[in-house]
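> Kindly generate the corresponding structure for this input.
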Amino acid sequence: MTSLGPAWPERAAWGTAPSLRAWQTAAMNDYVARSPRDYLAVATPGAGKTTFALTVAAELLGRRVVDRITVVAPTEHLKRQWAEAAGRAGIPIDPTYAAGRGRTSKDYVGIAVTYAGVAVNPLAMRIRTDNYKTLVILDEVHHAGDALSWGEGVREAFQPATRRLALTGTPFRSDINPIPFVTYAPGADGVPRSVADFTYGYEHALADHVVRPVLFMAYSGEMQWRTRAGDEIAARLGEPLTADLHAQALRTALDPAGSWIPAVLGAADSRLTEVRRHVPDAGGLVIATDQDAARSYATLLRRISGEAPTVVLSDEKLASSKIAKFTDSDARWMVAVRMVSEGVDVPRLAVGVYATTTSTPLFFAQAVGRFVRARARGETASVFLPSVPHLLGYAAELERQRDHVLGRPISSDADLMDAEAALLARAEAGEGASDDLLGSFEALGSQARFDQVLFDGATFGHSGEVHVGSEEEMDFLGIPGLLEPDQVRALLHQRQASRRPTADPADEVAALRDGSSLASSGTELTRYEQLAVLRRELNGLVAAWHHRTGQPHGVTHADLRKHCGGPAAAVASADQLRARINHLRELAARRTS
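Residues are numbered from 1 along each chain as shown. Predicted coordinates for the structure are as follows:
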């Protein structure tokens, strides 16, 4: 890696030199030193990819390497966001340009278009690219792999470009469509993987105070629903279930007519009130599955908070202006479908509710990225989510870097959800979730329980699940909104320990270091609480095993039952659960050694 000091030559009058962060300076040094035609920069959401890209653009314009800029973004709103950022940097960009129009005002040095717009008329874009020495900035470049036509359009339109700068801040999905202008190399298993020229992950950004730490507040509870066949099913959110039952339990929890989502929205509003004591303009965002749900959640929030939230629907002409107005206000809540899940910059967002059935690693990272942008030291983000194993796994590995893997078959529940994402995207247009995908059912009722807090890869919570609105829940909802990460960690340990009857917290630390479970560490628990803790511990280990090996959760649970005996985890005894926990720990230890 090159040094962090400025090394590139002084540029001409294009733009105003920004104050760069250390990673941006290092990336700039690397870019200038190598001067590649294609460059892929992977940086966590909130780190400042836009500033880096515009600095590159100003540098290349100033040195006459290029004379035109084309920005390709995922959405119409992001086109305007790029144009505004470029304008502040002294680089005028036209966000209203349409392919095929041919020309734009001579006042502009560049244009901003969408991936969909490029796919409509790639030949027109190619002609423009061929006529000028062009730098193409491909924002969130993984979208070039979303559809074959999009990838082909990008390749056709920008093949003649003088320079191409690709950016992404989220983990790529695994599929068979190579992303144009991205380099691939065989991995240890022989499968091609994308190769980034510069990477700046969440873990490094957190250490540099570039992004906020995130508290994940997980809620479980009992769900009841009726299937198409007329069978009534009751299940606990987060327990080991089939993929279909998981999806139906999640939809039941998110049903605005039940009790789960109003309770979680109320808890999130309480958390927002606490944060606003220290950060007065802090805002909250609810990400909903479809437009009907978004409107219903807005009605609930108005009743809970006493203030009407901003509702952003993707097909509204005023969607961008609504986001901009919310960004510049001190309003409490915004509710959106998928519009605000990626790239949209609302720095004051500090509390989120993940209330969507879209559950891919890609979408989860995009959504969480809306809350991590740091403005001042000590700000902490809080994201409320259902206690579903794969979501908890994503939360526990927020800093994990995923390359784009070509040709990997769909082999797990998480990968299956990647395939489902295309169907769930219909929700953006208000069509709701697909009954063919998730199965027709009728939600009958739901109850929310506070389950656990995930922070810095560790889990915190009281013995068993606790009631919403209880003092135990408020121990965590009432954490001050302005603390350094080490202070948050210490406070979580303190508040967890204060509710336990154990005499010496050092004994718990030693027990956990030895690998023994909480339920067997001497803590006095009721039978119900003990089983809940054991099931949660087992589910966490299974999720970790999945992320280490790629083996689906259901397969791991089946293997454990085969080896240790006993029924499904939901009805297994404490001894049977302990046996499975110990066996999985032994497998992990052998694999590590």
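> Going by C-alpha atoms from here, please, whenever you check contacts or count neighbours.
Fine.
> Tell me the spacing between Val275 and Gln24.
30 Å (C-alpha to C-alpha, to the nearest Å).
> What's the first helix or strand after the lengthiest helix in the chain?
Secondary structure of the chain per DSSP state H: the longest helix is helix 527-549. Scanning forward in sequence from helix 527-549 by DSSP states H and E, the next helix or strand is helix 553-564.
> What are the phi and psi values at the residue most central in space within the chain?
With distances taken as C-alpha atoms, centre = their mean, Ala365 lies nearest the centre of the chain, 1.9 Å away. Main-chain dihedrals, Ala365, degrees, to the nearest 10: phi -60, psi -40.
> just checking, what packs against the longest helix of the chain?
helix 389-396, helix 553-564, helix 574-592 (3 or more C-alpha pairs under 8 Å, 6 or more residues apart in numbering; DSSP states H and E).
> hey, which of these is tucked in deepest?
Across the helices and strands packed on helix 527-549, averaging neighbours per residue (mean count of other C-alpha atoms under 10 Å) puts helix 389-396 on top, at a mean of 22.
> still on that earlier bit, let me see the mean pLDDT of the longest helix of the chain.
For helix 527-549, mean pLDDT is 73.
> related to what we said a few turns ago, save the helices and strands packed on helix 527-549 as a markdown table, and put in distance to Gly48 too.
Below are these laid out as a markdown table (distance: least, C-alpha to C-alpha, whole Å):
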| stretch | distance to Gly48 |
| --- | --- |
| helix 389-396 | 22 |
| helix 553-564 | 36 |
| helix 574-592 | 36 |
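> Columns mean pLDDT and distance to Asp328 on top of those, output as CSV?
Listed next are the helices and strands packed on helix 527-549 as CSV, based on pLDDT from 0 to 100; distance: least, C-alpha to C-alpha, whole Å:
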stretch, mean pLDDT, distance to Asp328
helix 389-396, 84, 29
helix 553-564, 84, 43
helix 574-592, 83, 49
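> Which of those helices sits closest to Glu471?
Glu471 lies closest to helix 389-396 among those, at 23.7 Å (C-alpha to C-alpha).
> Looks like Val182 contacts Leu40 (just checking).
Yes - contact criterion C-alpha atoms under 8 Å: Val182 and Leu40 qualify, at 7.0 Å.
> any shared contact partners between these two?
Jointly contacting Val182 and Leu40 under the rule C-alpha atoms under 8 Å, 6 or more residues apart in numbering are 166, 195.
> show me the contacts for Cys564.
Counting by C-alpha under 8 Å, 6+ apart, Cys564 touches 576, 579-580.
> what about the helices and strands packed on helix 527-549, which gets the closest to Tyr108?
helix 389-396 (41.8 Å).
> what angle separates the closest one from helix 527-549?
70 degrees (axes from the mean of the first three to the mean of the last three C-alpha atoms, to 10 degrees).
> related to what we said a few turns ago, Val275 and Gln24: which has the busier surroundings?
A count of neighbours by other C-alpha atoms under 10 Å puts Val275 above the other of Val275 and Gln24, at 26 against 22.
> Quick check: the gap between the more buried one and Gly46.
For Val275, the distance to Gly46 - C-alpha to C-alpha - is 20 Å.
> Kindly report the same for Pro552.
For Pro552 relative to Gly46 (C-alpha to C-alpha), the value is 31 Å.
> Which one of the two is surrounded by more residues?
Gly46 (23 against 18).
> before we move on, which element is that one in?
Counting by DSSP H and E, Gly46 is part of no helix or strand.
> Just confirm it contacts Gly369, I think it does.
Yes - Gly46 is within contact range of Gly369, at 6.7 Å (criterion: C-alpha under 8 Å).
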